[in-house]
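[1] After the sequence you'll find the predicted model.
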Amino acid sequence: MKKAIVTGASGGIGKEVAKRLAAEGYLLTLVARNEEKLGSLQDSLGRNCHQILPLDLTNQEDIIYLSEHLAENKYDLLVNNAGTGTYGKFIEIPLEDQLETMTLNMEALVTLSYAFLKHAKSGDALINIGSLLAHSSLPGGAVYAATKSFVANFSESLWYEFKNKGIFVAGFNPGAADSDFHSNAGSQTSAFPKFVVSSVQQVATELINALNARSKPRIVQGFKNRLMLFGFRFLNRKAAVNIMGKISPGMTHS
Ligand SMILES: NC(=O)c1ccc[n+]([C@@H]2O[C@H](COP(=O)([O-])OP(=O)(O)OC[C@H]3O[C@@H](n4cnc5c(N)ncnc54)[C@H](OP(=O)(O)O)[C@@H]3O)[C@@H](O)[C@H]2O)c1
C-alpha cells in the first residue's frame, strides 16, 4: 500500500485531498494543529488513515519533529498543503503574523521537502500547494502572494532536478476556493465573484488528476483561472498590479 502524508489536512483543500487519496488506495498520515478535526477525519477514513500528527508547523520544534518523521518513515507522496495568509495593508498587519505566514508557507515547506526528497525513490511524488497568486502580486496581501510565488518557483526548479530520477515534483496553484481560508485571512469567499470560486472538491479532483498525469511542473487549477492568467499576459506589470489592487479584499480594510 502506498503511503502519503498531507499537511493542513484538518479542513478545506487538504481534507478533501486526503479523502481522494484514501479513495485512490493510499495509507495516510494527516498533519494539522486541530487534533479533534484530524481525529474525526481519521475515523471517517477507516483503515486508510494510518495516523494523525497534531503539529503546529510555525513552531520550530514541530517542523523538526515532522522532518525527522519523514526521514525515518518511507512515504511515497508528500502534499505540502498547510498554508495561511492575512488580508490587509502591509503595515496594518502585525509583523509577527506575516513572519509566521512566511514560516509556514515557505520554511516548513522547504524543510519538509528536503527531508522527503533526501529519501525519495523513483515513483515518489511531492506536491506543493501554491496559489493563482503565485503569478501576480497582491496589494492587501503582499506577503501571502510573495510566499506563493516562492512556492511555485521553488517547486518548478525541483521538478527539473528530480525528473530524471522518476520523482515527480510540482507546484499546484489553486484559484479562489470555498474553504475557511478567506475567513481565517480576514475576508470572505463572497468577496470574490461567484464564477471564479471553485469548490474544494473541484480543487482536489484536479490535484489528483495532476498527480496521476505527472506531467507539468506548475499546474494552474481551473479553466477560468487559466483563462484569467492568459489575459493577464497581455497587460504590463503596472496595469496588472493596478487591477489586483482594485479587486483585492485586503485593500478595503481601513
Ligand atoms: N482557499 C483558497 O482560495 C486558496 C487559493 C489558493 C491557494 N490556497 C492554498 O491552499 C492551501 C490550503 O488552504 P485552504 O483553502 O484549504 O485553507 P483552510 O481551509 O484554512 O485550511 C488550511 C489548513 O492548514 C492547516 N494549518 C494552518 N496553520 C497551520 C499550522 N501553523 N500548522 C499546521 N497546519 C496548519 C489548517 O489546520 P489547523 O487549523 O487545524 O492547523 C488547515 O487544515 C493553503 O496553502 C492555501 O494557501 C487556498
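    Sure thing, it's come through.
[2] What segments of the stretch 101-250 of the chain are helices?
    Assigned helices in the stretch 101-250 of the chain, in chain order: 109-118, 142-163, 181-184, 200-213, 223-232, 237-247 (criterion: DSSP state H, counting those that start in this stretch).
[3] List, one by one, the residues from the stretch 51-200 of the chain near the ligand.
    With the criterion set to Cβ under 6 Å from any ligand atom, the stretch 51-200 of the chain comes near the ligand through 55-58, 81-84, 104, 129, 131, 174, 176-177, 179-181, 184. Backbone N, C-alpha and C define where each C-beta goes, glycine included.
[4] and the closest residue to A204 other than its chain neighbours, what does it touch?
    Counting by Cβ to Cβ, 6 or more residues apart in numbering, A204 lies nearest to E16, which is 3.8 Å off, once chain neighbours are set aside. With contact set as Cβ atoms under 8 Å, 6 or more residues apart in numbering, E16 has these partners: V200, Q201, V203, A204.
[5] Please pick the buried ones from these.
    V200, V203, A204 (16 or more other Cβ atoms under 10 Å).
[6] of all the residues you listed, which comes closest to the ligand?
    Ranked by distance to the ligand (Cβ to the nearest ligand atom), these are led by V200 at 6.4 Å.
[7] Confirm for me that the closest one is in contact with D180.
    No - with contact defined as Cβ atoms under 8 Å, V200 does not count as touching D180 (9.9 Å).
[8] Overlap of the contact sets of the two?
    With Cβ under 8 Å, 6+ apart, V200 and D180 have common neighbours G12.
[9] Quick check: buried residues in stretch 86-98?
    T86, Y87, G88, I93, Q98.
[10] Skip the chain neighbours and tell me the closest residue to K37.
    Counting by Cβ to Cβ, 6+ apart, the residue nearest K37 is S10, at 3.8 Å.
[11] Can you list the low-confidence ranges for the stretch 101-250 of the chain?
    Within the stretch 101-250 of the chain, no stretch has pLDDT under 70.
[12] residues near N34, how many?
    Neighbour count of N34, defined by other Cβ atoms under 10 Å: 14.
[13] Please list all residues in contact with it.
    Counting by Cβ under 8 Å, 6+ apart, N34 makes contact with S10, G11, P54.
[14] and which of those residues is nearest to G123?
    Within the contacts of N34, proximity to G123 (Cβ to Cβ) peaks at S10, which comes in at 28.0 Å.
[15] Let me see the confidence value for that closest one.
    If you check S10, the pLDDT there is 98.
[16] does it count as helix, strand or coil?
    Recorded secondary structure, S10: coil (DSSP: H, G, I helix; E, B strand; the rest coil).
[17] show me where the stretch 1-150 of the chain has strands.
    Taking DSSP state E, counting those that start in this stretch as the criterion, the stretch 1-150 of the chain contains strands spanning 3-7, 27-32, 49-54, 77-80, 125-129.
[18] Just put these in a markdown table and tack on mean neighbour count and distance to I247.
    Formatted as a markdown table, the strands of the stretch 1-150 of the chain follow (neighbours: other Cβ atoms under 10 Å; distance: least, Cβ to Cβ, whole Å):
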| stretch | mean neighbour count | distance to I247 |
| --- | --- | --- |
| strand 3-7 | 24 | 29 |
| strand 27-32 | 25 | 30 |
| strand 49-54 | 18 | 36 |
| strand 77-80 | 26 | 28 |
| strand 125-129 | 25 | 22 |
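[19] looking at those strands, which one has the lowest mean pLDDT?
    strand 49-54 (a mean of 92).
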